[in-house]
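[1] Please find the sequence and the predicted model below.
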Amino acid sequence: MRARSLLLPALLVVLLAAALGAAGARAEGQHRVAAVSARPGPVYVVPPKYEVESPKKGAGAGAPESTPPRAARPRIAGRPAKRTRRHLARFHFAGHGPFECALDGGRFHLSGHYYVRRVSTGRHVLRVRTAATGPVATFRWRVLPRR
């Protein structure tokens, strides 16, 4: 539930910035968009860093605009072995957070740079992403039965 409350203000900022760009506010230079959240607590908003170019004479509405940079795929820096007998899975992520993690096909939940979970015997899959629409890093491993 906490991830959804953080995601909504960020989504509103992105939609507002896209609407301003599409509505004809095409002054040259960088623009700043501010968001106010009705909910208490931190709001993680990463503003897009790109410039809007003014249309060239005779180019019409099809003038090229520079695109925002793509979100980088998070890197799983620390992880368990591919085959292990340990039931405590510890992960460490490198990159710019906050991160979202999903274990064994579950829903994505907000996480920090570390993710620790107790898992059962069998095969497991951890998926990690940096933003709601960012690329996903995947790690698969197997927990063997205890001797």
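    Okay, I see it. Keep in mind the model is a prediction, meaning the values are calculated, not measured.

[2] looking at it, residue 135 is touching residue 71, isn't it?
    Yes. Contact criterion Cβ atoms under 8 Å: residue 135 and residue 71 qualify, at 6.5 Å. To be clear about C-beta, it is placed using only N, CA and C from the backbone, and glycine gets the same treatment.

[3] which of the two has more neighbours?
    The residue with more neighbours, out of residue 135 and residue 71, is residue 71; 16 against 13, by other Cβ atoms under 10 Å.

[4] got a list of what the residue nearest to the more buried one when sequence neighbours are not counted touches?
    Spatial nearest neighbour of residue 71, chain neighbours left out: residue 134 (3.7 Å); criterion: Cβ to Cβ, 6 or more residues apart in numbering. By Cβ atoms under 8 Å, 6 or more residues apart in numbering, the contact set of residue 134 is 71, 72, 73, 74.

[5] With adjacent residues omitted, what lies nearest to the last one?
    On the basis of Cβ to Cβ, 6+ apart, the spatially nearest residue to residue 74 that is not a chain neighbour turns out to be residue 95, at 4.5 Å.

[6] which residues sit in contact with the one you found?
    72, 73, 74, 75, 130.

[7] Show me where this protein dips below the pLDDT cut-off.
    1-70 (pLDDT under 70).

[8] Swap in 80 and give it another go.
    For the chain, the stretches with pLDDT under 80 are 1-72, 97, 131-133.

[9] And the helices in it?
    2-22 (DSSP state H).

[10] hang on, the earlier thing: could you flag which of the contacts of residue 134 are buried?
    71, 74 (16 or more other Cβ atoms under 10 Å).

[11] Just name the closest of the contacts of residue 134 to residue 143, please.
    Sorting these by distance to residue 143 puts residue 74 at the head of the list, at 22.8 Å, by Cβ to Cβ.
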